[in-house]
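*Asks:* quick one, structure for this:
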Amino acid sequence: MSLCRSALLWVAGFSLFINLLMLTPALYMLQVYDRVIASGSKETLLMLTLVAIFLLAVMVGMDLVRSRLLVRAGNHLDTLVSRRLYRAMFRRGLASPDEGGGQPLDDLRTVRQFISGSGLFAFFDAPWVPIYLAILFIFDVWFGVFATGAGLLLLGLAIINEKASKRLLAEAGHEHIRAQAQVGSNLRNAEVLHAMGMLPAIMQRWEARHVTALVKQSQASDRSSGLSNLSKGLRILAQSMILGLGALLVLEASITPGMMIAASIIMGRALAPIDQMIGSWKGFVGCRDAYHRLDVLFRDVPAETRRLSLPAPKGEIAVEALTLVPPGAVKPVLRELDFQVARGEHVGIIGPSAAGKTTLARALLGVWPPESGAVRLDGADLRHWNRDELGPHIGYLPQDIELFDGTISENIARFGEADDTQVVAAAKKAGVHEMILRLPEGYETRIGTAGGSLSRGQRQRIGLARALYGRPVLVVLDEPNANLDDAGERALAEALRQLKAEGTTLFVISHRRSVLADVDKLMVLGDGQLRLLGPRDEVLARIAAPRPSQAMPSKASRPGRSHDGLAAGVAVT
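*Replies:* Numbering: from 1, shown residues only. The predicted structure is shown next:
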């Protein structure tokens, strides 16, 4: 907002001259009644009329410029804020997945529209109210007293309007945001809702929130519109009554007839900003609430500072006393993990459900920051890397594959500057090149956020190609064969062998022997703790063998410290 101050100062400057020129009709009427009619001079009437027309034309031009300045100030604000806002939304979505909606962009639009609209004019014109009242006092003290009383009455209505509608508008806005978030979630799962006939029940839940928002919005609008109509009626009444007061003063020879007409026009102008404020109060409250939400977001998610660029990583991983609490949780999912993985080693991660496998994958990628401890890549804490510099050296295939709106080529190239040779190489490495060539447009086939007409297996293989694009030094695969057929399994196994040959460090989460066949080490997690880590065959043998009550892990199975027991329920099929 401070960077838009110069534009707002220009608007204030134009408002000064516009409000001065607003006196033109009053002064014109004053001169016509008191000078032209009294003198009978047509020449004077002509000149006064020409001057009034010229001044009003200038006022209209200035008002047009002022409006355009506000539009550009709003656009300038959007340009300055939007990139920072998008990053803040993204980072908050990582830290608090339940709050990862697009509402902040709607809030920015609300602020921009209010700044660009006519409702803001009332706030620029309001400082001129005392000047108009001062002119009325100069005409006659009773004019000033009457107009001041009318202004205070309208101001009181504005304050009442704020008190009456503030809570209802805030609650309506909150319910509307929740309803919109629910709609987004439902649309992402439309397939499930349709297949199992859940739509009526889910729609009923959405409708309850939507109706609540409508009711509160209607109640606030009813109160606001009632006060707005009352304010408008009182302003018209005051303008009429001041004519009666002026007539009385004319009869008492205190003022001239021209002053009576001019006083009515000036008082109308003095009360207009207050009346306009009441009429645009709903928009002002919406803008204020949106501004507050944006302010909270920016304070909660400070701008990232640019760090020193580090050398390209080679792939050595060290996890030191890692304890991690997922966003929104209270208890840690990972506790005191310690291990090291040399460059080019392949590590399989197994364990029962809720053991912390996917959480560890996110920690290894720096997606979720640790509560304590550190994850280091080539000795540097992941938090010390600039993400745009580190990202190209990392490949990640999550359980839930998300492809983005664009072509297959753009998705594989991660929407950066695509290198055709590397795109094809990544697709071949993932065993998906031939499948892509059979699509209607090949690599230029457009897909949506849900993958369009692609099967889950095809989406997973394209996601794998994206993870392998650019020859990353660290690759993390979370259940990479969950949706693959036999051909896909063979292609995945071949891709893992190529990664081994290239010296890529790999972590793969899976329970299928085919994926874990060639890993160097096997890691067993249980209850968020590292139960076992060692050579693959030795760990499998220990899992399969009966466990004596006092058995201790072998020396080769210790990742730098002892871990008592094995993960219960671990099965490698």
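*Asks:* so residue 283 is in which element?
*Replies:* Using DSSP states H and E, residue 283 maps to helix 281-300.
*Asks:* who does the following helix or strand past that helix pair up with?
*Replies:* Remark: after helix 281-300, the chain's next helix or strand is strand 317-324, criterion DSSP H and E. Strand partners for strand 317-324, identified by DSSP bridges, are recorded as strand 334-341 (antiparallel), strand 372-377 (antiparallel).
*Asks:* pLDDT on strand 317-324, on average?
*Replies:* For strand 317-324, mean pLDDT is 93.
*Asks:* residue ranges in the stretch 1-150 of the chain under the pLDDT threshold?
*Replies:* Where the stretch 1-150 of the chain drops to pLDDT under 70, the residues are 96-101.
*Asks:* would you map the helices across it?
*Replies:* Taking DSSP state H, counting those that start in this stretch as the criterion, the stretch 1-150 of the chain contains helices spanning 5-21, 24-31, 37-39, 42-95, 103-116, 121-125, 129-139, 141-188.
*Asks:* so which of those helices gets nearest residue 469?
*Replies:* Distance to residue 469, taken as Cβ to Cβ, is lowest for helix 42-95 among the helices of the stretch 1-150 of the chain, at 20.7 Å. Where C-beta positions appear, they are placed from N, C-alpha and C, glycine not excepted.
*Asks:* and the helices of the stretch 1-150 of the chain as a markdown table, adding mean neighbour count and distance to residue 372?
*Replies:* Listed next are the helices of the stretch 1-150 of the chain as a markdown table, based on neighbours: other Cβ atoms under 10 Å; distance: least, Cβ to Cβ, whole Å:
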| stretch | mean neighbour count | distance to residue 372 |
| --- | --- | --- |
| helix 5-21 | 16 | 43 |
| helix 24-31 | 20 | 71 |
| helix 37-39 | 12 | 88 |
| helix 42-95 | 15 | 17 |
| helix 103-116 | 20 | 31 |
| helix 121-125 | 19 | 50 |
| helix 129-139 | 17 | 59 |
| helix 141-188 | 17 | 32 |
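*Asks:* which stretch among these comes nearest residue 459?
*Replies:* Using Cβ to Cβ, these put helix 141-188 closest to residue 459, at 14.6 Å.
*Asks:* run the chain-centre distance for that closest one.
*Replies:* Here helix 141-188 is found 24 Å from its chain centre; the criterion is Cα atoms, centre = their mean, to the nearest Å.
*Asks:* what's the answer for stretch 522-531, then?
*Replies:* Relative to the centre of its chain, stretch 522-531 is centred 37 Å away, using Cα atoms, centre = their mean.
*Asks:* for that stretch, give the mean pLDDT please.
*Replies:* Rounded mean pLDDT across stretch 522-531 is 90.
*Asks:* pull it out as CSV, backbone CA atoms only.
*Replies:* Extracted in CSV, the C-alpha atoms of stretch 522-531 (Å, rounded to 0.1, in the frame of the first residue of the first chain):
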residue,chain,number,x,y,z
LEU,A,522,16.5,-51.6,3.9
MET,A,523,15.1,-49.3,6.6
VAL,A,524,12.4,-50.5,9.0
LEU,A,525,10.2,-47.8,10.7
GLY,A,526,7.8,-48.4,13.5
ASP,A,527,5.9,-45.9,15.6
GLY,A,528,8.0,-43.1,14.1
GLN,A,529,11.3,-44.6,15.2
LEU,A,530,14.1,-46.3,13.2
ARG,A,531,13.8,-49.9,14.2
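*Asks:* picking up where we left off before, a markdown table for the strands paired with strand 317-324, including distance to residue 103, mean pLDDT and mean neighbour count?
*Replies:* A markdown table is the format used below for the strands paired with strand 317-324 (distance: least, Cβ to Cβ, whole Å; pLDDT from 0 to 100; neighbours: other Cβ atoms under 10 Å):
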| stretch | distance to residue 103 | mean pLDDT | mean neighbour count |
| --- | --- | --- | --- |
| strand 334-341 | 31 | 92 | 20 |
| strand 372-377 | 32 | 92 | 19 |
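*Asks:* mind putting these into TSV with distance to residue 113?
*Replies:* TSV is the format used below for the strands paired with strand 317-324 (distance: least, Cβ to Cβ, whole Å):
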stretch	distance to residue 113
strand 334-341	45
strand 372-377	44
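*Asks:* so which of the ones you listed is nearest residue 288?
*Replies:* Closest approach to residue 288 among the strands paired with strand 317-324 (Cβ to Cβ): strand 372-377, 39.8 Å.
*Asks:* so how far is the helix or strand following the closest one off the chain centroid?
*Replies:* Downstream of strand 372-377, the next assigned helix or strand under DSSP H and E is strand 380-381. In this view, strand 380-381 has its centroid 29 Å away from the chain centroid, taken as Cα atoms, centre = their mean.
*Asks:* repeat for stretch 371-382
*Replies:* Taking mean C-alpha positions (Cα atoms, centre = their mean), stretch 371-382 and its chain are 29 Å apart.
*Asks:* what sits up against it?
*Replies:* 310-311, 313-325, 332, 336-337, 363-366, 383, 385, 390, 474 (Cβ atoms under 8 Å, 6 or more residues apart in numbering).
*Asks:* can you select the buried ones from those in ChimeraX?
*Replies:* Applying 16 or more other Cβ atoms under 10 Å to the contacts of stretch 371-382, the buried members can be selected in ChimeraX as follows:
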select :313,315,316,317,318,319,320,322,323,324,325,332,336,337,363,364,365,366,385,390,474
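*Asks:* can I get stretch 311-327 in CSV? Just the C-alpha atoms.
*Replies:* Presented in CSV, the C-alpha positions along stretch 311-327 are these (Å, rounded to 0.1, in the frame of the first residue of the first chain):
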residue,chain,number,x,y,z
PRO,A,311,27.4,-25.7,-5.0
ALA,A,312,25.3,-28.3,-6.9
PRO,A,313,24.6,-31.2,-4.5
LYS,A,314,26.0,-34.7,-5.1
GLY,A,315,23.5,-36.7,-3.1
GLU,A,316,24.9,-37.5,0.3
ILE,A,317,22.2,-37.6,3.0
ALA,A,318,22.6,-37.2,6.8
VAL,A,319,19.6,-37.2,9.2
GLU,A,320,20.6,-36.0,12.6
ALA,A,321,18.3,-36.5,15.7
LEU,A,322,15.2,-35.8,13.5
THR,A,323,11.9,-35.2,15.3
LEU,A,324,9.0,-34.0,13.1
VAL,A,325,5.5,-32.9,14.0
PRO,A,326,3.3,-32.7,10.9
PRO,A,327,1.4,-29.5,10.3
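*Asks:* off-centre distance for that stretch?
*Replies:* In this view, stretch 311-327 has its centroid 28 Å away from the chain centroid, taken as Cα atoms, centre = their mean.
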